[in-house]
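# build the 3D model from these lines:
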Amino acid sequence: PSTCTKHLHQALAPSTFNNRKQMVALIAIYKAPEDKAAFDEHYTNTHSPLAAKMEGMLKMEVAHVKKMLTPPTSTIAEAPHLICTMYFEDQAALDNSMRSPNSRAAAKDLMSFAGPLVSMITVNIESPKP
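Numbering: from 1, shown residues only. Below you'll find the predicted structure:
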């Protein structure tokens, strides 16, 4: 497994879930912008620090997509530029965070520079047994 996969499995090891509600994640998938340098500068220096302050977030990972390994499909028509995964203890923690001032500030910034480029999903996190 890749280093990223190993780190994710360590971070989300089964012991993390004992006596806890279902961990969830908010995932932002960004289409490649026309001006990647300007996008990356804003994302790194403005947006990411705002998003990192979201109340109740346990962890945030930003992945810069290197290469799409499968042919385009109706699910993903082209390689994303960037994927950000934000982890929360449970759905209630995510819901509370989304109503908080820091999350609203991050959302306002997101729409100002990447509104048409971003798709967001929420997922339940599972840790499959080996």
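# contacts for the longest helix anywhere in the chain?
In the chain, taking DSSP state H as the definition, the longest helix is helix 101-114. For helix 101-114, the external contacting residues (Cβ atoms under 8 Å, 6 or more residues apart in numbering) are 28, 30, 33, 39, 42-43, 46-47, 50-51, 53-55, 97, 118. Any C-beta I mention is one placed from the backbone N, CA and C, and that applies to glycine too.
# can you show me the strands along this protein?
With DSSP state E as the criterion, the chain has strands at 24-30, 57-64, 82-88, 118-124.
# nearest residue to residue 33 in space, please, no chain neighbours.
Closest residue to residue 33 apart from its sequence neighbours, by Cβ to Cβ, 6 or more residues apart in numbering: residue 39 at 4.0 Å.
# ok, back up a step: could the strands of the chain go into a markdown table alongside mean pLDDT?
Converted to a markdown table, these look like this (pLDDT from 0 to 100):
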| stretch | mean pLDDT |
| --- | --- |
| strand 24-30 | 98 |
| strand 57-64 | 97 |
| strand 82-88 | 98 |
| strand 118-124 | 97 |
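# can you pull up the most central residue in the chain?
The centroid of the chain falls nearest to residue 85 when counting by Cα atoms, centre = their mean (1.9 Å).
# touching, it and residue 57? I think so.
No. Under the criterion of Cβ atoms under 8 Å, residue 85 makes no contact with residue 57, lying 10.4 Å away.
# stretch 88-101: end-to-end distance?
17 Å (Cα to Cα, to the nearest Å).
# same thing with stretch 121-130?
End-to-end for stretch 121-130, by Cα to Cα: 26 Å.
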